[in-house]
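Trainee: model the following, please.
(chains A and B)
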Amino acid sequence: DVKVTQSSRYLVKRTGEKVFLECVQDMDHENMFWYRQDPGLGLRLIYFSYDVKMKEKGDIPEGYSVSREKKERFSLILESASTNQTSMYLCASSLPTGWGWGQPQHFGDGTRLSIL
Amino acid sequence: DQQVKQNSPSLSVQEGRISILNCDYTNSMFDYFLWYKKYPAEGPTFLISISSIKDKNEDGRFTVFLNKSAKHLSLHIVPSQPGDSAVYFCAASPGGATNKLIFGTGTLLAVQP
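Mentor: You can find the predicted model right below:
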């Protein structure tokens, strides 16, 4: 089974802090993704990466950056945390679609981040 | 602009009956569709998928139907069980090697014993 592990289940930080959310996958997947989930808005893509050191902006990248130095690890960085970044953050990984018809993304259990 | 829409925020069904969850999309270039199930405080779990060359895919109690002309996707759960109570998200892929997905806003299914 694919295992996607997010470093923290719950995190509380203060406004203005730099926040790091870590994600590790064990299936040698090329693609990795960061989403946030908010009530009534579903899952919204923040950033994704299709290879080491490669990244692309998703639908809501403002206020975030990412880092992928190793294939198995994808980090989300809140440069200067604000209260509107309080949310559930979900990491996912997948094979590329070149392996066949679309591929499911496999998710971690999420990090509930509160910014005070 | 919401490209993938789940217009019912919630659905309540009796145990043993059929649950039908619906999803509409606007982009005719989507070529792969998925359903995910999410319990509170857990990540979404992949349930079932269908490619655009098919109109039906079945896996045990779960069947996904795709109507490309109507741009409509549905998930049928038969028979429904209390453990099926969760939020269900549909998702669509616009293709491309990066496997990006567009998610709907979710439907909360409550299966009453």
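
Trainee: in its sheet, what does the helix or strand B:Leu66 falls within sit against?
Mentor: For B:Leu66, the host element (DSSP states H and E) is strand B:62-67. Applying DSSP bridges, strand B:62-67 is found paired with strand B:56-59 (antiparallel), strand B:72-77 (antiparallel).

Trainee: chain A contacts on chain B?
Mentor: The interface of chain B toward chain A, taken as Cβ under 8 Å from any Cβ of the partner chain, is made up of B:6, B:9, B:31-32, B:34, B:36, B:41-46, B:49, B:51, B:89, B:93, B:95-101, B:103-106. Yep, even glycine has a C-beta here, placed from its N, CA and C like the rest.

Trainee: how near is A:Tyr89 to B:Cys90?
Mentor: 21 Å (Cβ to Cβ, to the nearest Å).

Trainee: the more surrounded of the two?
Mentor: In this view A:Tyr89 and B:Cys90 are compared by other Cβ atoms under 10 Å in any protein chain shown, and B:Cys90 has more residues nearby, 29 against 24.

Trainee: for the record, mean pLDDT for the host helix or strand of the more buried one?
Mentor: Element membership of B:Cys90 [criterion: DSSP H and E] is strand B:86-93. Here strand B:86-93 scores 96 as its mean pLDDT.

Trainee: for that strand, packing partners?
Mentor: If you count contacts as 3 or more Cβ pairs under 8 Å, 6 or more residues apart in numbering or on different chains; DSSP states H and E, strand B:86-93 packs onto strand B:4-5, strand B:19-25, strand B:32-38, strand B:72-77, strand B:102-103, strand B:107-112.
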